[in-house]
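> can you look at this prediction? I've put the sequence above it.
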Amino acid sequence: MARPNLRCKFQSGKQNLMKQYNPKLIEGKWQKLWAKQGIYAARDKGKKKFVLIEFPYPSGEGLHMGHLRPYVAGDVYSRFQRMKGFETMYPMGWDAFGLPAENYALKKGVHPSVSTKLNIKNAKRQVQSWGVGFDWSREINTTDPEYYKWTQWIFLQFYKAGLAYEAAGLINWCPQDKTGLANEEVIDGKCERCGTVVEKKELRQWYLKITAYAEKLLEGLKNLPEWPDQVKLQQENWIGKSEGAEIDFPLFVIPAAEPESSPPQADGSRRPKSGMTNFLILHGYTGSAGRNFIPWLKTELEKQGYKVQTPELPNSDDPKESEQVDYILKKCSIDENTIIVGHSLGCIVAMKALQKYGKSVKGLILLDAAVDPAFSGATPRPFHKNFSWNFDYERLKKYAPARTILSDLKEGEPRVGYLKTLSKKLDAQLITGRSTENHFTAEREPLVLEILTPPSIPPHQGEGRGEGIKIFTTRVDTLPGATFIVIAPEHPLIQNFASRISNFSEVSKYIEEAKKKTDIVRSARDKEKTGVELKGVKVVNPVNGEKLPIWVADYALMDFGTGALFGDAHDERDQAFAKKYKIPLKVTLKPANGRDDSKIRNLEEVFIDDGVLYNSGEFDGLSSEEARKVITKWLVDKKSGRATVSYKLRDWVFSRQRYWGEPIPIIHCPACGIVPVPEKDLPVRLPNVKKYEPTGTGESPLAAIDKWVKVKCPNCKGPAKRETNTMPQWAGSSWYYLRYTDPKNKNELADDELMKHWLPVDVYFGGTEHTTLHLLYSRFWNLFLHDQGIVPVSEPYTKRVPHGIILAEDGEKMSKSRGNVVNPDEIVNIYGADTLRMYELFLGPHGQTVSWHSRGIIGVRRFLEKVWRLASIKESSTSRIQSDKLESIIHKTIKKVTDDIENFRFNTAVSALMILANEMEGKQVSKNDITRLLKLLAPFAPHMAEDLWRELGNKVSIHLAQWPEHDPALAKDEFVNVAVQINGRVRDTVRIAVAASEAEARNFAEASSQVQKHLVGKQVGKFIYIPGKIINFVVK
RNA sequence: GCCCGGGUGGUGUAAUGGUAAACACGCUGGCUUGAGGUGCCAGUGGGGGAAACCCUGUGGAGGUUCAAGUCCUCUCCCGGGCACCA
């Protein structure tokens, strides 16, 4: 059979027989027609497929290769499913709120609403030029008030369910973007967006209580068999569940009257001695030692064995500074263990007295100090003229290492303000609490007692007052080996027990230093551990009654568990810490397999694995695994602990101090507190303003827009203020897939029936970088909305298909600064969209990171030109000499391409098409052959397939045609080349029937001279024959 | 440190335990052409050989098997995630 001479045909002068392949002439044409006919608009009926890609934020740089990859993959997949007969929805939208859009607008000096519009227009032009068949009738935009109305509505549902709350806290703050960030947005201690090192900032913030869904988010992963394990694992690690126990370590305050070293008195009483803490309590203006809480407090303190002085100060109705100070210094005994407590004006007296005393005392506690008349808003009182408010704060700090100020919230503004100022000047701990009566004037003031005397627990197992330090551990089996306790610098115990900590000033200093360190410094791996022991307090190990020292060290994190841990020999960090500070260690585990444990016993090696307990009293001999169960049960029985679960997941910091985001629909009313915006008033529109730069103060730029901020309280109609923080970038994208099912609904976020029809999303293409951000957030929202009965499915995405990133030619990330960005628009311009699409798929497996190589793209272009030529040869199409081989290859290719698309192996699907084209080349091919080739090609090169398809006379788009079926019988070969091995080495191949029997196969194989050569003089021991695969002689 | 991936020609990569390198880029030679390009044919892991053919070869070392890129053990390197998480 002669090959058709292409050149002759081309030169024969027949028109249109061989028009050149020119993508520019066909791609735009078909794109317009598809759009006009709306062939990708999904109808809400029939067998459905919901194919989703992560919608982009429309950046000023336009879309890049990183966008193209998932879009094309999703496009191939959805075109394929459509041809398979599924009503396929492949929608698109714009995630246009957020930092990147706002930063771009700021840089260009254009309002974000304007730049966003322009960027969307450009991005839309791009994806259309790539021939991606999105259903534009469902286009959505998160910045459209009709859209974000429902984002705000969902927020209100969270609020109503108690899952959105406002709190002040130390949060991650990006000084570059001038906004707070969620934990998920901090990568390696840096801002996910701009790479700036994140700081900590104390801010009032809105949070979404994602931690309430930690367990559900974890459990839900089990119902996602079609998600890659890697993605599930990463979410699992992020949620970070650890199962263990929470153990109560009762506090043991070393009794002041009874230092550990000295024996009790013969009569059993606790006689005051020097060296113990004592209190000097000073009443205030018009007060008396016999009034208010003072007698009660004195009795309570004395019950606990403290010496208490409550002098009756002279002339309390008309007090004079020097008279009262001199009285105290003359009549009262003060030493280095005295804690001076003042109430109201007594505070001023206390400070003046201490200043004059001029030696160290143990501490200074001020209860609602009298306000400096010079302080703005203070009302002049009669005593003011007799006192001066000039203090030597440095002197006071020096003489009173522990300083605490108690303020009463019921007090008016000036007093609270003054106490804040005073606490700063004194560098004192400020505790705000409510007394039972105003200004600590009740008969009993338990709060005051608590501050003065942290509860002292008798050192008996589990018989304490249930207070103490709670410690979380996953290794209860090492509890008998605990020799010390470590608490985080932020642990409340330190401040609560300040008066009982004899080295409090040293401790405070350490805490101050820890605060200054950034998270990066604090968690640096090889950093040497530091810490300070809290002297004067100990805890009791509930399992053996041992008294353990408490250390404060910044390797304990307030964020995890309970902010406290016990230290033992079977943990590398604990052991390192203990060795540094010469804290004794006790080895209580040995390897179960009986290996030499002398190195472990001598602390030359840290044994952290499970083992067998010894040195552990009644638990000796248990395996670690058994011990965890037994000891936990023991703790539960003794009410000293409980099995608990701890998660690494933190609540989602949900406010941003930026302009370009959804306003949080909340109103702050001075009378009613937090009031949600009534649903009928949604959306709360983002005001259109000229100035929207971030302020950097922790306030949103919206706060400056008086007109917008000032509103009537929906509750009491009084004056109120709007919440001025906006939502994070991830808000709109947390539910967008729901909106696609019913994008124009005015009454609800989406119609129930439509959601039931389309959900869940069948296939979700996206990047791995969103695994613990968008993907986790949207699962959370969906689970919540499902629990609320709003969304019919619990998990939104049946299948997740991650893609690898596309690197530049140099193997680096594409970036403007490196100048290695490959612009898809340029490639389309040179090679056409079909070539770009196929080459991008051909570069490598979809899930793998690949480097762009401009060199190779010509191969795909050549392939397409080959198809173009094949399809253009028309006269050979009428009569074809039946070629069984070609027919078989076509069926094999149909099977291969179908399987590959279903399994997202696009690269091998492309090569299968190339093989088919190579086979067809030079053979006579029929119209039917070409038709099948074009159908297989259609998802990959939609423009060319369409053009050639129409050339064949078809009136309806190829993308609505039916996907070809393969005949399994024809897709299999009857005869195959089978390798003949001798001792596993290939010596020849024979062409035999797949159905050949073992005897036939052996005959064929032995007939080969090559085989005979290697069999000469050998004994054939075994003969292996796997039909269609292999023949192997095992010889000696 | 812990948990995942992954190491195959000059390059991108392909191989249900069954002929390693399909498909493509690049390279070499040839045909076509006035020329260039396109297109087509042949070759292209390494070593030996005129050739037939032989040896060797999937990061490294062992092992299982008639047969290992593929399964198992150890180890090295690269990429990703988590990370003082108790």
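The structure has been received and is ready for your questions. Since the structure is predicted, the reported quantities are computational estimates derived from the model, not experimental observations.

> list the contacts for the closest residue to RNA strand B within chain A?
Chain A approaches RNA strand B most closely through A:Gly859 (2.4 Å), counting by C-beta to the nearest atom of the strand. (Glycine included, C-beta is placed from N, CA and C.) Contact analysis of A:Gly859 by C-beta atoms under 8 Å, 6 or more residues apart in numbering lists A:Tyr839, A:Phe842.

> center of chain A - which residue?
When C-alpha atoms, centre = their mean is applied to chain A, the residue found nearest the centroid is A:Glu184 (3.2 Å).

> quick check: buried residues in stretch A:1018-1033?
By neighbour count on 16 or more other C-beta atoms under 10 Å, the buried set for stretch A:1018-1033 is A:Phe1023, A:Tyr1025, A:Pro1027, A:Gly1028, A:Ile1031, A:Asn1032, A:Phe1033.

> same list (these) but as TSV, adding secondary structure, distance to RNA strand B and pLDDT.
Below are the buried residues of stretch A:1018-1033 laid out as TSV (DSSP: H, G, I helix; E, B strand; the rest coil; distance: C-beta to the nearest atom of the strand, whole Å; pLDDT from 0 to 100):
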residue	secondary structure	distance to RNA strand B	pLDDT
A:Phe1023	strand	9	92
A:Tyr1025	strand	9	94
A:Pro1027	coil	10	91
A:Gly1028	coil	8	89
A:Ile1031	strand	8	93
A:Asn1032	strand	4	93
A:Phe1033	strand	8	92
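
> can I get the residues you listed in JSON lines with distance to A:Arg932?
Formatted as JSON lines, the buried residues of stretch A:1018-1033 follow (distance: C-beta to C-beta, whole Å):
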{"residue": "A:Phe1023", "distance to A:Arg932": "42"}
{"residue": "A:Tyr1025", "distance to A:Arg932": "35"}
{"residue": "A:Pro1027", "distance to A:Arg932": "29"}
{"residue": "A:Gly1028", "distance to A:Arg932": "25"}
{"residue": "A:Ile1031", "distance to A:Arg932": "35"}
{"residue": "A:Asn1032", "distance to A:Arg932": "38"}
{"residue": "A:Phe1033", "distance to A:Arg932": "42"}
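
> tell me the two of these that are most distant?
Maximum pairwise distance among these (C-beta to C-beta): 17.8 Å, between A:Gly1028 and A:Phe1033.

> what residues does the stretch 751-900 of chain A put near RNA strand B?
A:768-769, A:772, A:842-845, A:848-851, A:853, A:855-856, A:858-860, A:862-863, A:865-866 (C-beta under 7 Å from any atom of the strand).

> re earlier: of the buried residues of stretch A:1018-1033, closest to A:Trp758?
Of all these, A:Trp758 sits closest to A:Gly1028, with 44.4 Å by C-beta to C-beta.

> now do the phi/psi pair for the nearest residue to the closest one once chain neighbours are set aside.
Leaving aside its sequence neighbours, A:Gly1028 sits nearest to A:Val994 (C-beta to C-beta, 6 or more residues apart in numbering; 4.3 Å). A:Val994 adopts backbone torsions of phi -60, psi -30, taken as degrees, to the nearest 10.

> show the pLDDT at A:Val994.
Note on A:Val994: pLDDT of 89.

> how far away is it from A:Arg650?
To A:Arg650, A:Val994 is 61 Å away according to C-beta to C-beta, to the nearest Å.

> so which of these two has more stuff around it?
More crowded of A:Val994 and A:Arg650, by other C-beta atoms under 10 Å: A:Arg650, with 18 against 13.

> test my guess that the more buried one contacts A:Asp559.
Yes. In this structure A:Arg650 lies within contact range of A:Asp559 using C-beta atoms under 8 Å: 7.1 Å.

> the helices in the stretch 301-450 of chain A, which residues?
All helices of the stretch 301-450 of chain A, identified by DSSP state H, counting those that start in this stretch, fall at A:321-331, A:345-357, A:393-399, A:413-426, A:446-452.

> any chance of these in CSV, plus mean pLDDT, distance to RNA strand B and mean neighbour count?
Putting those into CSV (pLDDT from 0 to 100; distance: least, C-beta to the nearest atom of the strand, whole Å; neighbours: other C-beta atoms under 10 Å) gives the following:
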stretch, mean pLDDT, distance to RNA strand B, mean neighbour count
helix A:321-331, 93, 44, 16
helix A:345-357, 94, 36, 24
helix A:393-399, 90, 28, 16
helix A:413-426, 84, 28, 17
helix A:446-452, 78, 25, 19
